[in-house]
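Asks: Predicted coordinates and the sequence they were generated for:
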Number of protein chains: 2
Amino acid sequence: MGLEEDVKQAKFTNEHQKAMVNILYTSSWLNNRNAAYFKKFNISPEQFNVLRILRGSHPAPMRLADVAERMIEKNSNCTRLVEKLRQKELVDRQLCESNRRQVDISITAKGLKILSEIDKDYDQWLSIQKSITKTEAIELNRILDKLRS
Amino acid sequence: MGLEEDVKQAKFTNEHQKAMVNILYTSSWLNNRNAAYFKKFNISPEQFNVLRILRGSHPAPMRLADVAERMIEKNSNCTRLVEKLRQKELVDRQLCESNRRQVDISITAKGLKILSEIDKDYDQWLSIQKSITKTEAIELNRILDKLRS
DNA sequence: ATACAATGTTTGTATAAACAACAATAGTAT
DNA sequence: ATACTATTGTTGTTTATACAAACATTGTAT
């Protein structure tokens, strides 16, 4: 009775329709929770995601286009998002000498520090950890991957 | 290998983390597809959702607050979204006589017509229908509901 | 009646997303 | 060299979202 209650709907016409609404609704729910959590660090969920992406490459910098490719929200504006992070001194922008079209982005020590602070309690905080089993997480990933294929 | 490819990431630290990113990513993917589909009708995905909500109540009108309660994006501004629909003459706004604080919203004939046009090929269009089985849809719904509980 | 709290909706403002057009550099073919 | 095309990022503009404050109306307690 979960989703029906959350969107106050008695019934869905079929399970596929319900699944679509369920994904969209759960995503919005998750995003709102994440936004509330990250607020004390003064970053947005996608900014957190970009910082993690850059940490994955650290100490090597990444091109802006490569960052964009790994983002969750493919249509969001990577230039401006990275600029926000730069203003907070969480990332560094460097014009590339060998190819002057490209801009190299890397995470700063300050950026790494924020991530490690978040790491400390983020996993525990994330309700998803407690609410579903590992087996269910695996099954969820399998179905979502299949859905998009 | 689905999500790892989509966000160009080699591995996730654990299945729960991956599941979270997977939900967010799949939702964004779905939303972009829906937005592209609804574009020819000049409405957004959440506007479509609100029209369906109002059709569910039709011919009885709904209070603005009741519409907001059923929306997927709980934080979005219902007043302004409904106003957009009113400008397109897809819904009707009526000040309630018995309780002059409240505004009654109902779907118009034009709104119903658009929905029926969408109905015609939306189900067929929705990739989710073809890509996962009914059993998988049911399992997906179960896990997502559990996740939020 | 009067004041106070609750309900239902709107509005202001700051921030972000969507989409397209633009600009600069690099690579390639003639 | 010149023109053409592809690559890589930026900027402008419109629209949507997030959050809080405001507003009008109704209900309730004294």
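Replies: Sure, I can see it.

Asks: switch to C-alpha atoms for all contacts and neighbour counts from now on
Replies: Noted.

Asks: Going along the chain, name the helices of chain A.
Replies: A:2-6, A:15-38, A:45-57, A:64-70, A:78-87, A:109-125, A:127-131, A:134-148 (DSSP state H).

Asks: and the longest one, how far from the chain's centre?
Replies: What it means is helix A:15-38. Between the centre of helix A:15-38 and the centre of its chain there are 13 Å (C-alpha atoms, centre = their mean, to the nearest Å).

Asks: Please enumerate residues in contact with that helix?
Replies: For helix A:15-38, contacts defined as C-alpha atoms under 8 Å, 6 or more residues apart in numbering or on different chains pick out A:3, A:12, A:44-45, A:48, B:20, B:23-24, B:26-27, B:30-31, B:72-73, B:128-129, B:134, B:137-138, B:140-141, B:144-145, B:148.

Asks: now check it, is it near DNA strand D?
Replies: Yes. Using C-alpha under 7 Å from any atom of the strand, helix A:15-38 comes into contact with DNA strand D via A:32, A:35, A:36.

Asks: and if you look at stretch A:61-75?
Replies: Yes. Using C-alpha under 7 Å from any atom of the strand, a contact is recorded between stretch A:61-75 and DNA strand D, made by A:63, A:64, A:65, A:66.

Asks: and that stretch, which residues are buried?
Replies: Neighbour counts using 16 or more other C-alpha atoms under 10 Å in any protein chain shown place A:61, A:62, A:63, A:64, A:67, A:68, A:69, A:70, A:71, A:72, A:73 of stretch A:61-75 among the buried residues.

Asks: partners of the second one in the sheet?
Replies: For residue A:62, the beta-bridge assignment (DSSP bridges) gives partners residue A:105.

Asks: for it, what are its contacts?
Replies: Going by C-alpha under 8 Å, 6+ apart, the list of residues near residue A:62 reads A:54, A:104, A:105, A:106.

Asks: among those residues, who's most crowded?
Replies: For the contacts of residue A:62, the largest number of neighbours (other C-alpha atoms under 10 Å in any protein chain shown) sits with residue A:106, at 25 neighbours.
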